[in-house]
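Engineer: Give me a model of this one.
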Amino acid sequence: MAIECMPEVSKTILNPKDVDVFISEISDGIYRICGLVDTYGITFNQFLIDDARPALIHTGPMGMYPKIENKVKEVIPLDKLEYVAFLHFESDEWGGMQFLQSPKARLICSDLSSKLNLTGWYNIPVDHISFWDGEVLKTGKKSLRFIMTPHVHHWDSMMIFEENTKSLFTSDLFIQPGMNKPVISDDLSEAMISLYRAVGIFASEDPVRKTTKRLVELDPNMVYPMHGSCIERSMFGRYVDAIMNNNFAYTNMLLGQKLEYGYGVT
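Structural biologist: Next up is the predicted model:
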């Protein structure tokens, strides 16, 4: 379990160069590129959408970049990549910035990420594209609709819903620990809740549950979390129920370590 590893995280610089990386086509030209990072006990996932204008969702952290790049090259020439998306501002989301050296690649993010995190930093692509809630980017046959999800982990967080295949990219929502099959066949919703409690990434259940209700209305065929396996329609309800019916917000636990004088509920 990831929880057992977490007390050592504060002593570790996340630069996982030795992670084995795998690629699987999940559905209709959408590929999952993943590697298990033992420090955290979770996979870091990137998603390549092979279309007329290919897009990569997440880049992985800096140390994983070369192996992730090689997996992208198994599907498309790297110079064909047009979009690189991150769903909130963290190194596992876009630490592999070398993808932006691809001639056509444009960085895309939420409007809040652009205004709050990218403005004023050295060497950040000034021509990045930002999106607000409900806006759509067409990559060819696929249409990426952007969903603002503030405080579902970070206040600049967003998700992406591909409308034609009904594919939902949820970043840190619906994650599971461990290295499992590309598409989950087991109910790991209890492990998901335990992981959230130990990591402390959600300050409150309220914005997470409001977002979850909205996602249910989309009726996704497949859910693509940032960490863990993809979740097909038949399993999705179990993870939704776990979010709606369990407490998992921050209670002075951060990356598996107890903060004695935190501001969370004890």
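Engineer: Compute the number of surrounding residues for the closest residue to residue 184 other than its chain neighbours.
Structural biologist: Leaving aside its sequence neighbours, residue 184 sits nearest to residue 229 (CB to CB, 6 or more residues apart in numbering; 3.8 Å). The way it works is simple: take the backbone N, C-alpha and C, and place the C-beta from them, glycine included. By other CB atoms under 10 Å, the residues close to residue 229 number 27.
Engineer: got the phi/psi numbers for residue 229?
Structural biologist: Per-residue torsions, residue 229: phi -90, psi 160 (degrees, to the nearest 10).
Engineer: Doesn't residue 45 lie inside a strand?
Structural biologist: Yes: under DSSP: H, G, I helix; E, B strand; the rest coil, residue 45 falls within a strand.
Engineer: circling back: what pLDDT does the model give the residue nearest to residue 184?
Structural biologist: Looking at residue 229, its pLDDT is 97.
Engineer: Surely it is in contact with residue 181?
Structural biologist: Yes: using CB atoms under 8 Å, residue 229 makes contact with residue 181 at a distance of 5.9 Å.
Engineer: and the residue nearest to residue 184, what is it in contact with?
Structural biologist: 43, 176, 180, 181, 182, 183, 184, 188 (CB atoms under 8 Å, 6 or more residues apart in numbering).
Engineer: same check, this time on residue 197
Structural biologist: 247, 248, 251, 253.
Engineer: Of these, which qualify as buried by neighbour count?
Structural biologist: Listed as buried from the contacts of residue 197 are 248, 253; burial here means 16 or more other CB atoms under 10 Å.
Engineer: Tell me the one among the contacts of residue 197 nearest to residue 25.
Structural biologist: residue 248 (31.9 Å; CB to CB).
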